[in-house]
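[1] whatever this is, show me its structure:
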Amino acid sequence: MEAKNSLPLQERFEHKRTLHKARELLILLLLLSLLSYRLAFLRLRGPVWSIAFLCESWFTFIWLLNINAKWSPVTYKTFPNRLKNRLEELPPVDMFVTTADATLEPPIVTVNTVLSLLAVDYPAEKLACYVSDDGCSSLTFFALVEGAKFAKLWVPFCKKYNFQVRAPFVHLAMEPESSNKDYLKDWKTMKDEYEKLDRKIEIASKQSVRCELNGEIVDFSTYQRNDHPSIVKVILENRRGSSDGIPSLIYVTREKRLKYPHHYKAGAMNVLARVSAVMTNAPFMLNVDCDMFANNAEVIIHAMCLFLGLDDEVQSGYVQCPQHFYGALKDDPFGNQLVIMQQDMDLEGYKAPCMVEQDKELQRKFGYSSEMLESVSRTISGEPEKNASCGGLSEAVEAAVRVADCSYESNTSWGEEMGWIYGSTTEDVLTGLRIQSMGWKSVYLTPDRSAFLGNAPQGGPASLKQLKRWATGLLEVLIGKGSPLIAVATKRLMVGEASMIISVTLFAIYNIHTLTEYFACGLSMRTWWNNMRMQRITSASAWLLGLLSVVLKLMGLSETVFEVTRKDQSSSEDETDEDPGRFTFDDSSMFVPGTALVIVHGMGLLVGLLGLQRPGGGGGNGPGLGEFVCSFWVLLSFLPFVKGFFRKGKYGIPWHTIGKAAALGSLFLILCGWKS
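    Residues are numbered from 1 along each chain as shown. Here you go, the predicted structure:
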């Protein structure tokens, strides 16, 4: 047993993608070349040319961000069975489901998502599911109450036969493959009961709904969509020793008043965070949209393998899953399935940071609720949290209603320092960046079986509406005060190649500045490039040897020697050079440093692209995008030397120069501590 407990909960795998990286660098080079070409003739062309330059500049910027984010992808393989063997007591998890419009988001869809979460492979007494209904819909509430009745049949059925897809509308739509008579009988019963549930919700959608819950009639008919009080109702309450083994289910609709901003989904998520804090206060949260049902029954166990299996788990901020879809149209005609670029967060888990603060500071950040402050203090001190198995959720409803008030956040840090961050329609991205800028880390969870499946918008208008929201939100993040570019410089955000941001900025500004100087003098871009190239060549050859000469003179080891420069006078009669612009070489030691640079950077690119480098010290992953770009730029600047390796005569580098350069490069690598 002890040997089993020592096995890792997860393994990390790096993906080399040699050809992919080479293509990305080539595209980046072509984009930069195109921008240089546009800039060279910008004054001579009309406004169309300027517009093209701006569009291509933006595309280049986006391309650079993309390759920076995807340059060194890694995946994690998790081992849920090892976690089950190692931990008798898994940590509690509060599950959040959000819906906002019963017309655009049919309640039966929300019910299926909730049922899939209630039936996941995790101790039921450790789970509580909170549903945020931001539309304050009586139909949604009715559907959840009826869905809870069905859950008492559905959850035991899922646990008994242990299948993976636990959203009823998916599992019951497939013909049973098992020949087990008991399963077939139970499956038929479940299908009949689900169809009854579906019909009930369909009928209720066509009439005014009043619902009975625990002997109480809940009537939404007097509420207005944008002006109503908070409602918190415990639909299901898990009690220790209960035979049904179903997690708690709590319905939440926050108070809305016209004079108070509600901050859309981010505001709803913050209300859920506060409500859960005063009711169950689990140390982990799982967040899904109303249409993202759990497709992998062990999804929470997989996430826990990453939270609890990392060496620096104290700094692990959240786990996220790619957004996958069911029933997707062939060939993705609306481009909204995100098969290549999957960035939305479907699952988030937050570990509360260790904080030591005074009561007044806690009240300023978290609000005036004594129950909220007690919950925060318990978390800070490391005391056992409340959980859904302890009962008594009904007693906490009054406190939950108070923290769901629309005025609760006034003069607090909610939406700025605490919870989901306001200011963008893509609150998940903004909040994730906020967490990472605080120094925490995130991990991408990609189990063999997709963790969640959602419903991709169908049709052009719906697809474009969603993509517009994402585009708007991402641009809000980029230019807002929570911008990752600002966070890199002012906070602790690491975006793969953080130090490259400053280098790239300096590189771009310097080259644009020098290029405009050449244009101002009436010179061509080719002239500028030749001069820039020769500056680098002379710096690594003539200036280097000149520096060594001066140092040796100051040390009294050598005297400066005046070297007369050869002056050739060409004439039409004795002109033998077919291309006088071609670079020529001789046996001078002047060419050794430049040749050594080409060898070192050329080998560095080759080794890096082939994935042969050893991992960097301190847990690093070797060279990154910045190193690759710089090495490529060096080779481009020393292109005459690169060509000299393959040419003959005076246009080729002598073999003894190459030998000296190889020895110098080897010495450099040894001094840098690079061991083969």
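[2] for the stretch 101-250 of the chain, give me the ranges with low pLDDT.
    225, 239-244 (pLDDT under 70).
[3] apply 80 and report the result again.
    The model of the stretch 101-250 of the chain has pLDDT under 80 over residues 178, 208-209, 212, 214-215, 219-227, 239-244.
[4] show me where it has helices.
    107-118, 138-161, 168-171, 181-204 (DSSP state H, counting those that start in this stretch).
[5] tell me what angle the last one forms with helix 107-118.
    It stands for helix 181-204. Interaxial angle, helix 181-204 versus helix 107-118 (axes from the mean of the first three to the mean of the last three CA atoms, to 10 degrees): 140 degrees.
[6] give the contact list for residue 133.
    With contacts taken as CB atoms under 8 Å, 6 or more residues apart in numbering, residue 133 has the following neighbours: 99-100, 140-141, 251-253. Heads up, the C-betas are built off the backbone N, CA and C, glycines and all.
[7] in these, which residue is surrounded by the most others?
    residue 140 (28 neighbours; other CB atoms under 10 Å).
[8] about what we covered before: could you dump the contacts of residue 133 into CSV and include secondary structure and distance to residue 583?
    What follows is the contacts of residue 133, written out as CSV (DSSP: H, G, I helix; E, B strand; the rest coil; distance: CB to CB, whole Å):
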residue, secondary structure, distance to residue 583
99, strand, 68
100, coil, 66
140, helix, 74
141, helix, 79
251, strand, 76
252, strand, 73
253, strand, 74
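[9] by pLDDT, give me the weakest of the residues you listed.
    For the contacts of residue 133, the least confident position by pLDDT is residue 100, scoring 89.
[10] let me see the domain layout of this structure.
    78-325+340-445, 581-614+621-676 (automatic domain parsing).
[11] which one of the ones you listed lies nearest to residue 17?
    With CB to CB, the closest approach to residue 17 among the domains of the chain belongs to domain 581-614+621-676: 8.6 Å.
[12] the closest one: how far from the chain's middle?
    For domain 581-614+621-676, the distance from its own C-alpha centre to the chain's C-alpha centre is 36 Å (CA atoms, centre = their mean, to the nearest Å).
[13] can you map out the helices along the stretch 551-676 of the chain?
    For the stretch 551-676 of the chain, the helices defined by DSSP H, counting those that start in this stretch occupy 592-610, 625-637, 639-644, 655-671.
[14] quick one: mean pLDDT for the longest one?
    Summarised as a single mean, pLDDT over helix 592-610 is 84.
[15] pull out the buried positions in it.
    592-602, 604-605, 607-609 (16 or more other CB atoms under 10 Å).
[16] cool, and the shortest one?
    Neighbour counts over helix 639-644 (16+ other CB under 10 Å) mark 640-642, 644 as buried.
[17] equivalent analysis for the last one, please.
    When neighbours are counted by 16+ other CB under 10 Å, the buried residues of helix 655-671 are found to be 657-658, 660-662, 664-665.
[18] adding distance to residue 520 and pLDDT, write these out as TSV.
    As requested, those are exported to TSV (distance: CB to CB, whole Å; pLDDT from 0 to 100):
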residue	distance to residue 520	pLDDT
657	39	88
658	41	89
660	42	89
661	38	89
662	43	90
664	39	88
665	39	84
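[19] in a markdown table, list the residues you listed along with distance to residue 132.
    Formatted as a markdown table, the buried residues of helix 655-671 follow (distance: CB to CB, whole Å):
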| residue | distance to residue 132 |
| --- | --- |
| 657 | 72 |
| 658 | 69 |
| 660 | 71 |
| 661 | 66 |
| 662 | 66 |
| 664 | 66 |
| 665 | 61 |
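[20] of those residues, closest to residue 305?
    The closest of these to residue 305 turns out to be residue 665 (CB to CB; 44.3 Å).
[21] list the residues that contact that closest one.
    Residues in contact with residue 665 (CB under 8 Å, 6+ apart) are 596, 599-600, 603.
[22] from the chain's centroid, how far away is the helix or strand harbouring residue 550?
    Assessed by DSSP states H and E, residue 550 sits inside helix 542-554. Chain-centre distance of helix 542-554: 50 Å, with CA atoms, centre = their mean.
[23] how about stretch 516-536?
    40 Å.
[24] kindly format the C-alpha coordinates of that stretch as PDB.
    Output in PDB follows, covering the C-alpha atoms of stretch 516-536 (Å, rounded to 0.1, in the frame of the first residue of the first chain):
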ATOM      1  CA  THR A 516      13.000  56.500 -40.500                       C
ATOM      2  CA  GLU A 517      16.300  58.200 -40.200                       C
ATOM      3  CA  TYR A 518      17.400  56.500 -43.500                       C
ATOM      4  CA  PHE A 519      14.100  57.500 -45.100                       C
ATOM      5  CA  ALA A 520      14.600  61.100 -44.000                       C
ATOM      6  CA  CYS A 521      18.000  61.100 -45.800                       C
ATOM      7  CA  GLY A 522      16.400  59.800 -49.000                       C
ATOM      8  CA  LEU A 523      18.000  56.400 -48.700                       C
ATOM      9  CA  SER A 524      16.400  53.100 -49.500                       C
ATOM     10  CA  MET A 525      15.300  50.300 -47.200                       C
ATOM     11  CA  ARG A 526      18.000  48.100 -48.800                       C
ATOM     12  CA  THR A 527      20.600  50.600 -47.800                       C
ATOM     13  CA  TRP A 528      19.300  50.600 -44.200                       C
ATOM     14  CA  TRP A 529      19.400  46.800 -44.100                       C
ATOM     15  CA  ASN A 530      22.900  46.600 -45.500                       C
ATOM     16  CA  ASN A 531      24.100  49.100 -42.900                       C
ATOM     17  CA  MET A 532      22.400  47.400 -40.000                       C
ATOM     18  CA  ARG A 533      23.800  44.000 -41.100                       C
ATOM     19  CA  MET A 534      27.300  45.400 -41.400                       C
ATOM     20  CA  GLN A 535      27.000  47.100 -38.000                       C
ATOM     21  CA  ARG A 536      26.500  43.600 -36.500                       C
END
